[in-house]
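Novice: Build me a model:
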Amino acid sequence: MATPSIDPLLLAFPESLESERLLIRAPLWGDGPAVNEAVAESIEQLQPWMPWAQRVPTVEQSELDMRRSRLLFLERKDLRLVLVHKETGRIAGSSGLHRIDWQSRSFEIGYWIRTSFAGQGYMTEAVHAITSFAIRELEANRVEIRCDSRNVRSARVAERAGFVLEGILRKKSCAVDGSLRDTMVFSKVRGSEF
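Specialist: The predicted structure follows:
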């Protein structure tokens, strides 16, 4: 579906959505300490895949990151989302819609899960909800997930959420350790997968 070109700043859409167990919302000022706690708990699992997670940030650095994310969300340049466990109020991870092309309505879902929430289906649940949000609220024509081909857990989330493996980009980018990595590209596109 072709969508008329519009300045993304004029787009109005909700800043939160819910899945069965998660409140999925835009970042807010003051989120830094709770996000910092989640990153600190999960640093060993994040380090192999996330360039930003090579050491635990300070609480102040986490707060600055959340404030920058808030501004980018408001500018519609990057739609980072915080995953909050409804029952406990704890940060379960982070996701969002990145590498946005508003003209073609194409988005990439990125994600990381807090170690104590891993292996329980929370990220697959979040990806389903965020994909539905992108389709319904943002009129997405394409949603993709990219991950290092060695990141089996991340690839399994994409598969469980019904994304199709389009291909593997060989030696696409540098991994955290500086080696060249292959990047798996999964997608859902309007007309076939939604």
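Novice: low-scoring stretches of this protein, by residue?
Specialist: 1-4 (pLDDT under 70).
Novice: mind listing the helices for it?
Specialist: 32-46, 59-75, 122-138, 152-160 (DSSP state H).
Novice: okay, those in CSV with distance to residue 90 and mean neighbour count next?
Specialist: Where you see a C-beta, it was placed from the backbone N, CA and C, and this is true even at glycine. As requested, those are exported to CSV (distance: least, C-beta to C-beta, whole Å; neighbours: other C-beta atoms under 10 Å):
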stretch, distance to residue 90, mean neighbour count
helix 32-46, 7, 18
helix 59-75, 15, 16
helix 122-138, 11, 20
helix 152-160, 20, 17
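Novice: Can you check which of those gets nearest to residue 19?
Specialist: helix 122-138 (4.1 Å; C-beta to C-beta).
Novice: got a list of contacts for the closest one?
Specialist: By C-beta atoms under 8 Å, 6 or more residues apart in numbering, the residues outside helix 122-138 that reach it are 11, 13-14, 17-22, 24, 81, 83, 85, 92-93, 95-97, 105, 107, 109, 111, 113, 140, 143, 145, 157-158, 160-161, 188, 190, 194.
Novice: re earlier: I'd like the helices of the chain laid out as TSV, including distance to residue 174.
Specialist: Formatted as TSV, the helices of the chain follow (distance: least, C-beta to C-beta, whole Å):
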stretch	distance to residue 174
helix 32-46	17
helix 59-75	22
helix 122-138	24
helix 152-160	17
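Novice: Confirm for me that residue 106 is in contact with residue 142.
Specialist: Yes: between residue 106 and residue 142 a contact is recorded at 4.3 Å, counting by C-beta atoms under 8 Å.
Novice: rewinding a little: check the contacts of helix 122-138 for burial and list the buried ones.
Specialist: 17, 19, 21-22, 24, 81, 83, 85, 92-93, 95-97, 105, 107, 109, 111, 113, 140, 143, 145, 157-158, 161, 188, 194 (16 or more other C-beta atoms under 10 Å).
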